[in-house]
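Q: Okay, sequence plus prediction incoming.
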Amino acid sequence: MLTEFPYLRYPSEDVVRNVQLVHFKAASTTWAQLVDGTATVYQDLSPFADNLTQSETGLTVGLVFYQELYGVAQPKIGDLIQVRLDGLPLFNGQIEDLSDYRESRGERGMSLTVRSRDSNSLWRQTKWVGNIYPAGSELGVIARDVLTAIGLTPSEIRGSLVLGVSTVHGDTQLADTPAWDMLTDLLQVAALEPWVDALGRFKPISRDIVRAPDLVLEPYQLLRISGSRNKTAVTSVILKWLDPNLSKSLQQAQMLARESITAGFFKLKQERELYWSDDRRQRADNTWMKTITSVNDGLLPVGDEDYEQKSEFSGEITVTSKVWVPTLATAALAAMMYAASDPDVVQVGPTGTGFTIPIGRIAEAAGQIAFFLIIMSLGTGTYEIWGEPYDYVHETNTTEAYNDSTPEWMRLEESLDSDFVMNEGHAQQIAVRELLYRSLSAITWNVDIIDHPALERGDILQLPDGSRLYVLTFSRDLTRGSAAMLSVQGFRV
């Protein structure tokens, strides 16, 4: 309900309403001043208003004048317009379009299209990047930060914006999204939707259709009623939401790392720790080593090859040279040193000639052969580590609310996505509530009542027969001499 008119009830549609149309220049008046009531410099357009119709989203104004609205007095796109009813502000808006400018026998006219505050691109198209919020942040705080970012002051927000729902994920951020979509996502889980009232103040409106009525009509206030079905009723609502608990998500087995190691007499043991990603943050499970080439593929087996997973982020390959390799190499070197000091034997025949027997060199050659054999037996192993990469993720859960009495041929599903659902119980509440709202809104009713300025979108109107109507749209003709009637469209709840 628009609280500026809490008790106003017109006795009949024939009452004369005191309507005033006021024009504020955008250069001298801000939205905050208009909402606070501190804007004082204005122009009264009431004498020139030939046609004035208000809806929940704007005004249609027809002006007729002679020379009064020439030059600086002429309204311009971007200027602010206020409608006052019985001295109180009824609607604040901004001129979006000037059209139908005409002149006939000295009389001139123009039409103004005035839109509500939230209809411009700042709210609907411009994409924003929000702050990062820790787990446990109240969604109302995030919503208030969004409104502050687009220029609203505390006096331009109706209500406390305490939603009773908090974030369940760490580092929550709304990014690359228009402000209106951000507010829709935040409020949806609290049974609300964003709305800017007729005076330009932000107000969350309730989507709860089982609450008490906001206005109870007396029989004399109801003028006429009609209904029609204008769309197919939704029979199932599917809500997809992120589970607040982390789950282990395994991928298909794949190669995680590759390494080459050379083994020989020069080092008894070699250890290489391998990580599954360059940033050392990838996790993997069930890892194993695949030997592409072994250190033992040479002349002689020279080592043992082993693998062990050290952590969820890494594993270790160990190549251990066999003990005989460095032992034989050391023995061969010692034998060569010893053989180098072993003298040769010279044998002389009867004629005084003879030959040398190279005893030391033969022993030294035997040591060299052994040493060269060890060098020739150096082995290079190539290894691949395979395993199943995994991450801890928030799984996407699905909760469905449906009408089980609906025939298959009439089934109509709608899907919702949310990152702000707290648990399964919360998800079920949202799905059931949205199913009720969307299925009932398929049949709309048109109700004409004696004008009630306090009524607005999101209110529940109780009719004299006890039935209730959730208000979606409304319109009123404020032209001089028009009937004090309000046309309301909504659905029965």
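A: Happy to help now that I have it.

Q: Tell me the secondary structure at the residue most central in space within the chain.
A: In the chain, the residue lying closest to the centroid (CA atoms, centre = their mean) is Leu174, at 5.2 Å. Reducing the assignment at Leu174 to three states with DSSP: H, G, I helix; E, B strand; the rest coil gives strand.

Q: what sits against it?
A: Leu174 makes contact with Trp128, Val129, Gly130, Ile142, Val146, Met182, Asp185, Leu186 under the criterion CB atoms under 8 Å, 6 or more residues apart in numbering. C-beta: built from backbone N, CA, C; applies to glycine.

Q: Domain parsing of the chain, as residue ranges.
A: Domain segmentation of the chain under automatic domain parsing yields 19-116, 117-195, 247-396.

Q: Save the ones you listed as CSV, and put in mean pLDDT and distance to Tyr437 too.
A: Rendered in CSV, the data for the domains of the chain read as follows (pLDDT from 0 to 100; distance: least, CB to CB, whole Å):
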stretch, mean pLDDT, distance to Tyr437
domain 19-116, 89, 18
domain 117-195, 91, 9
domain 247-396, 76, 23
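
Q: is it possible to export the ones you listed to JSON lines including distance to Pro453?
A: Converted to JSON lines, those look like this (distance: least, CB to CB, whole Å):
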{"stretch": "domain 19-116", "distance to Pro453": "6"}
{"stretch": "domain 117-195", "distance to Pro453": "16"}
{"stretch": "domain 247-396", "distance to Pro453": "46"}
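
Q: which one of the ones you listed lies closest to Thr406?
A: Proximity to Thr406, assessed across these by CB to CB, is greatest for domain 117-195 (23.8 Å).

Q: what packs against the longest strand along the chain?
A: In the chain, with assignment by DSSP state E, the single longest strand is strand 379-402. Of the remaining helices and strands, those touching strand 379-402 by 3 or more CB pairs under 8 Å, 6 or more residues apart in numbering; DSSP states H and E are strand 236-250, strand 254-263, strand 283-293, strand 303-309, strand 314-321, helix 424-440.

Q: mind checking which of the ones you listed is nearest Tyr470?
A: Proximity of the helices and strands packed on strand 379-402 to Tyr470 was assessed by CB to CB; the nearest stretch is helix 424-440, lying at 7.7 Å.

Q: so what's Gly481 up against?
A: Gly481 makes contact with no residue under the criterion CB under 8 Å, 6+ apart.

Q: quick one: it is in a helix?
A: No - secondary structure assignment places Gly481 outside any helix; it is coil (three-state DSSP).

Q: Next, it: phi, psi?
A: Backbone dihedrals for Gly481, given as degrees, to the nearest 10, come out at phi 90, psi 0.

Q: what are the ranges of the helices in the stretch 101-250 of the chain?
A: When assigned using DSSP state H, counting those that start in this stretch, the helices of the stretch 101-250 of the chain occupy the ranges 121-124, 139-149, 179-188.

Q: doesn't Leu34 fall inside a strand?
A: No - when classified by three-state DSSP, Leu34 is found to be helix rather than part of a strand.

Q: Help me confirm that it comes into contact with Leu80.
A: Yes - distance between Leu34 and Leu80: 5.5 Å, which falls inside the contact criterion (CB atoms under 8 Å).

Q: if we can go back for a sec, quick one, which of the helices and strands packed on strand 379-402 is nearest to Phe491?
A: helix 424-440 (5.1 Å).

Q: Now do the same for Gly78: helix, strand or coil?
A: With three-state DSSP as the criterion, Gly78 was assigned coil.

Q: That one and Gln94 touch, don't they?
A: Yes - because the distance of 6.5 Å satisfies CB under 8 Å, Gly78 is recorded as touching Gln94.

Q: Out of those two, name the residue with the larger neighbour count.
A: Using other CB atoms under 10 Å, the more surrounded residue of Gly78 and Gln94 is Gln94, with 21 against 12.

Q: just the helices of the stretch 101-250 of the chain: most buried one?
A: Most buried of the helices of the stretch 101-250 of the chain, by mean neighbour count (mean count of other CB atoms under 10 Å): helix 179-188, with a mean of 21.

Q: Output the contacting helices and strands for that helix.
A: Using 3+ CB pairs under 8 Å, 6+ apart as the contact test, the elements touching helix 179-188 are helix 121-124, strand 127-133, helix 139-149, strand 172-178, strand 413-418.

Q: ok now do the closest residue in space to Trp31 that isn't next to it in sequence, which residues does it touch?
A: Taking CB to CB, 6 or more residues apart in numbering, and ignoring the residues beside it in sequence, Trp31 has Gly200 as its nearest neighbour in space, at 5.8 Å. When the contact criterion is CB under 8 Å, 6+ apart, the partners of Gly200 are Trp31, Leu34, Val35, Asn92, Gly93, Ser116, Arg117, Glu156.

Q: thought the third one was touching Ala198?
A: No - in this structure Val35 lies outside contact range of Ala198 using CB under 8 Å: 11.0 Å.

Q: Name the residues contacting each of the two.
A: The overlap between the contact sets of Val35 and Ala198 (CB under 8 Å, 6+ apart) consists of Asn92.

Q: In terms of neighbours, single out the busier of the two.
A: Each of Val35 and Ala198 had its neighbours counted (other CB under 10 Å), and the higher figure belongs to Ala198 (26 against 20).

Q: Next one: the more buried one relative to Asp145, how far apart?
A: Spatial separation of Ala198 from Asp145 under the definition CB to CB, to the nearest Å is 25 Å.

Q: same check, this time on Met1
A: Spatial separation of Met1 from Asp145 under the definition CB to CB is 27 Å.

Q: got it, and Asn51?
A: Asn51 sits at a distance of 41 Å from Asp145 (criterion: CB to CB).

Q: again with Ser226
A: For Ser226 relative to Asp145 (CB to CB), the value is 44 Å.

Q: hang on, the earlier thing: with distance to Thr399 added, can I get the contacts of Gly200 in a markdown table?
A: Output for the contacts of Gly200, formatted as a markdown table (distance: CB to CB, whole Å):
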| residue | distance to Thr399 |
| --- | --- |
| Trp31 | 40 |
| Leu34 | 43 |
| Val35 | 39 |
| Asn92 | 40 |
| Gly93 | 40 |
| Ser116 | 34 |
| Arg117 | 35 |
| Glu156 | 36 |
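
Q: Can you tell me which of these is nearest Gln254?
A: Closest approach between the contacts of Gly200 and Gln254, by CB to CB: Arg117, at 54.2 Å.

Q: My read is that the closest one contacts Asn92, right?
A: Yes - when contacts are counted by CB under 8 Å, Arg117 is listed as touching Asn92 (7.2 Å).
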